[in-house]
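Chemist: Quick one: sequence plus predicted model below, questions after.
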Amino acid sequence: MTEKQTKNDSHLGAIDGLKGIGACIIAFFWHYQHFKPQNGSPFFSIFPMSYKHGSFMVELFFMLSGFGMMLGYSERIIGHKISFRDFIVKRLRKIYPPFLFFTLVTIILELAYYHKCGTTFVYGNFDIQHLIYNLLLMQDGLFGKDWSLDAPSWCISICMLCYLLFYLILYRVRNERHGCYVFFGAALLGTTITLSEVDYPLWNSLVGRGIACFFIGAILCTIYRNREKFRYQRLGYVCLGAVIISYLVLRFKPEFMGDFRMAFILGIAPALILAVLFIPWLGAVLGIRPLTYLGSLSIVIYLVHFPVQCAIRTIDEYAGLGLDYSTKAVWLSYAAAVLISSVVYRLVIAKAAEKAVFGFFSKKETSPQKKTA
């Protein structure tokens, strides 16, 4: 590995750290509301913004996904060195096994909860129709916004749509610069869809948010690749200053923020990513091993946290524990359960799940001896 590649890897480790933090904010703060804590959310005084605005980490997730896809695949797609089939299969191998596994776990837990309480936990639409939507990765966003099953997994369906558009765009352009022109148009289209506030299949805020953020992330990757052409550290500090000012405005004078979603998509999130990439000390902080490991678990954390919540509530109902979800002890127990479940899935279940899903449909190779027999 060259010195330049090593330097690049240190920058990208920080991106993994940022991804891990974002997944934890969604799982531990934003979606903690599923428990309906009786006397306020635990640690709210320390993390008020994570509880109030944690949902915007989904936008950050889309943006980082676009950045990663551009970094890892753009040259191969433009050069026609990877087929559409290989590209899609690679993406499905990464996200479909954990998605399917935790969807099935959610179904089992919801059946147990329904048997005890006569209703599902948090999300409705517990039927065969929505199960088919989920299995085809065409749930929330592609066919409307009917939250169902492991509902936080809705972003997976939008990601697959973005992957499709990403490949088709780069396969048809001559070079990366031309691709960025089209990405800019796609980001503008996504922003328009988001602002239109309509709710049609493939034309709704969920799809708009995903497309806008994904292709902004791809454009940020091009800026990162060309960083030696300008004083990128200065840009990094300007971006960091913009993020800090935005945070202070949102915390103390939110009426001056305007539409925070648009501000986050078009300014705050891109500035945060560039600051992490271009400021050495910030990249070093976010690139520490515990955070990068969280980043490697981010998709699993995102998919497992709702089944863990469903399991806790189901046990609470059957055992009559009467848990107080406002206590720090319950919050810490829940967070620990999510992290442990994520690690167990990755170390114990992941390979078996991938083999079960993709091996089931793969043809068995005939041994040379059988061929010559």
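Modeler: Looks like it arrived, so ask away. Numbering: from 1, shown residues only.
Chemist: how about low-confidence regions in the stretch 51-200 of the chain?
Modeler: The stretch 51-200 of the chain contains residues with pLDDT under 70 at 144.
Chemist: Please enumerate the strands of it.
Modeler: 199-200 (DSSP state E, counting those that start in this stretch).
Chemist: tell me the contacts of F43?
Modeler: For F43, the contact set (CB atoms under 8 Å, 6 or more residues apart in numbering) comprises 328, 331. Backbone N, C-alpha and C define where each C-beta goes, glycine included.
Chemist: which SS state does it fall under?
Modeler: State at F43, reduced to three classes by DSSP: H, G, I helix; E, B strand; the rest coil: coil.
Chemist: Touching, F84 and F166? I think so.
Modeler: No. Using CB atoms under 8 Å, F84 is not in contact with F166, being 11.0 Å away.
Chemist: who's more crowded, the two?
Modeler: Using other CB atoms under 10 Å as the criterion, F84 and F166 rank with F166 on top: 26 against 12.
Chemist: quick one: the more buried one and I211, what's the gap?
Modeler: Relative to I211, F166 is positioned 10 Å away (CB to CB, to the nearest Å).
Chemist: and if you look at W147?
Modeler: The gap separating W147 from I211 is 20 Å, by CB to CB.
Chemist: got it, and L100?
Modeler: Counting by CB to CB, the gap from L100 to I211 is 25 Å.
Chemist: Then M69?
Modeler: According to CB to CB, M69 and I211 sit 13 Å apart.
Chemist: and if you look at P37?
Modeler: P37 is 34 Å from I211, where distance means CB to CB.
Chemist: Looking at these two, which has the bigger crowd around it?
Modeler: I211 (25 against 18).
Chemist: Point me to the helix or strand that includes the more buried one.
Modeler: Using DSSP states H and E, I211 sits within helix 205-225.
Chemist: which other helices and strands contact that helix?
Modeler: Secondary-structure packing of helix 205-225 (3 or more CB pairs under 8 Å, 6 or more residues apart in numbering; DSSP states H and E): helix 57-78, helix 154-172, helix 176-196, helix 269-278.
Chemist: next helix or strand past that helix?
Modeler: In N-to-C order, the element after helix 205-225 by DSSP H and E is helix 232-252.
Chemist: Only the buried residues of that following helix, if you could.
Modeler: Within helix 232-252, the residues scored as buried using 16 or more other CB atoms under 10 Å are 232, 235-236, 239-240, 242-243, 246, 249-250.
Chemist: likewise stretch 90-110?
Modeler: So stretch 90-110, judged by 16+ other CB under 10 Å, has buried residues 91-92, 95-103, 105-107, 109-110.
Chemist: Nearest to I312 among the residues you listed?
Modeler: L109 (9.7 Å; CB to CB).
Chemist: I'd say that closest one and V308 touch.
Modeler: No. Counting by CB under 8 Å, L109 stays clear of V308, with 9.3 Å between them.
Chemist: Tell me the spatial nearest neighbour of the residue positioned nearest the centre of the chain, not counting adjacent residues.
Modeler: Central residue of the chain (CA atoms, centre = their mean): F61, 4.1 Å from the mean position. Excluding the flanking residues, the one nearest F61 by CB to CB, 6 or more residues apart in numbering is G22, at 5.8 Å.
Chemist: The one you found contacts E59, correct?
Modeler: No. Counting by CB under 8 Å, G22 does not reach E59; the two are 9.3 Å apart.
Chemist: How about the contacts made by A335?
Modeler: Residues near A335 by CB under 8 Å, 6+ apart: 27-28.
Chemist: Which pLDDT does the model give it?
Modeler: Predicted confidence (pLDDT) for A335: 97.
Chemist: quick one: it is in a strand?
Modeler: No. Under three-state DSSP, A335 falls outside any strand and is assigned helix.
Chemist: re the thing from before, give me the number of residues near the residue nearest to F61?
Modeler: Neighbour tally, G22, other CB under 10 Å: 25.
Chemist: re earlier: so the residue nearest to the centre of the chain makes contact with A23?
Modeler: Yes. Using CB under 8 Å, F61 is in contact with A23, at 7.5 Å.
Chemist: Quick check: neighbours shared by those two?
Modeler: In contact with both F61 and A23: 298, 302, using CB under 8 Å, 6+ apart.
Chemist: Give me the distance between the two termini of stretch 336-353.
Modeler: One end of stretch 336-353 sits 23 Å from the other (CA to CA, to the nearest Å).
Chemist: That one: which residues count as buried?
Modeler: Across stretch 336-353, burial judged by 16+ other CB under 10 Å covers 337-339, 341-342, 345, 349, 353.
Chemist: same thing with stretch 186-195?
Modeler: By 16+ other CB under 10 Å, the buried positions in stretch 186-195 come out as 186-187, 190-191, 193-194.
Chemist: just stretch 250-265 next, same as before
Modeler: For stretch 250-265, using 16+ other CB under 10 Å, the buried residues are 250, 260-261, 263-265.
Chemist: What's the mean pLDDT across that stretch?
Modeler: For stretch 250-265, mean pLDDT is 92.
Chemist: neighbours around I301, how many?
Modeler: I301 has 25 nearby residues by other CB under 10 Å.
Chemist: Give the full set of residues in contact with it.
Modeler: 20, 23-24, 27, 294, 338-339, 342.
Chemist: And the pLDDT for the nearest residue to it once chain neighbours are set aside?
Modeler: Of all residues not flanking I301 in the chain, A23 sits nearest, at 4.3 Å (CB to CB, 6+ apart). Per-residue pLDDT puts A23 at 95.
Chemist: Make 31 the first number, not 1, from now on.
Modeler: Done: numbering now begins at 31, and the last item shifts to A53.
Chemist: Ramachandran coordinates for A53?
Modeler: phi -60, psi -40 (degrees, to the nearest 10).
Chemist: remind me which residues of the stretch 231-380 of the chain are low pLDDT?
Modeler: Counting by pLDDT under 70, the stretch 231-380 of the chain contains no low-confidence range.
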